[in-house]
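S.K.: need a structure here:
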Amino acid sequence: MAILTAAELRNLGRGELLEKLDNAKEELFNLRFQAATGQLESHGRLRAVRKDIARIYTVLTERALGITEDVDGPAAATADETPAEVEAEAEETADDSSTKAGSKA
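M.R.: Residues are numbered from 1 along each chain as shown. Reported below is the predicted structural model:
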């Protein structure tokens, strides 16, 4: 896994970011295991992977706070929601806004 830049990460969708995060965490686990058993050849890689994980979390947090735009769009699914749940929530929101507008008239 190469060192990732924040600009590269901002161009990825939420799913891709979560996939990269899982891969980086797995690599970090393996590197720590190698370090504990004395088999690690490059200690600098530990630091680089930790920084990659921090960059991914930073991009995810920026999107959650609305600092940067989602690549997937405003109705991007969270890790716990399926696409069907997102669509149902969008329909409920649309229904609520139309009933509120109708009651004012």
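S.K.: same for the helix or strand containing Ala48, what does it pack against?
M.R.: Taking DSSP states H and E as the criterion, the element that holds Ala48 is helix 44-65. Counting contacts by 3 or more Cβ pairs under 8 Å, 6 or more residues apart in numbering; DSSP states H and E, helix 44-65 is packed against helix 6-10, helix 14-37. The way it works is simple: take the backbone N, C-alpha and C, and place the C-beta from them, glycine included.
S.K.: Could you list the residues in contact with the shortest one?
M.R.: Right, helix 6-10. 17, 20, 55-56, 58-59, 62, 68, 71 (Cβ atoms under 8 Å, 6 or more residues apart in numbering).
S.K.: now the residues you listed: which count as buried?
M.R.: 17, 20, 55-56, 59, 62, 71 (16 or more other Cβ atoms under 10 Å).
S.K.: now the helices and strands packed on helix 44-65 as TSV including distance to Leu46?
M.R.: Output for these, formatted as TSV (distance: least, Cβ to Cβ, whole Å):
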stretch	distance to Leu46
helix 6-10	20
helix 14-37	5
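S.K.: any low-confidence regions in this structure?
M.R.: Counting by pLDDT under 70, the chain contains low-confidence ranges at 1, 73-105.
S.K.: Okay, domains of it per the record?
M.R.: 6-74, 79-105 (automatic domain parsing).
S.K.: coming back round to it: which two in the contacts of helix 6-10 are spaced the farthest apart?
M.R.: Lys20 and Thr68 (16.6 Å; Cβ to Cβ).
S.K.: Return the member of the contacts of helix 6-10 nearest to Thr5.
M.R.: Arg55 (7.6 Å).
S.K.: now the nearest residue to that closest one once chain neighbours are set aside: how far from Leu40?
M.R.: Nearest residue to Arg55, sequence neighbours excluded (Cβ to Cβ, 6 or more residues apart in numbering): Ala6, at 5.4 Å. Separation of Ala6 from Leu40 (Cβ to Cβ, to the nearest Å): 27 Å.
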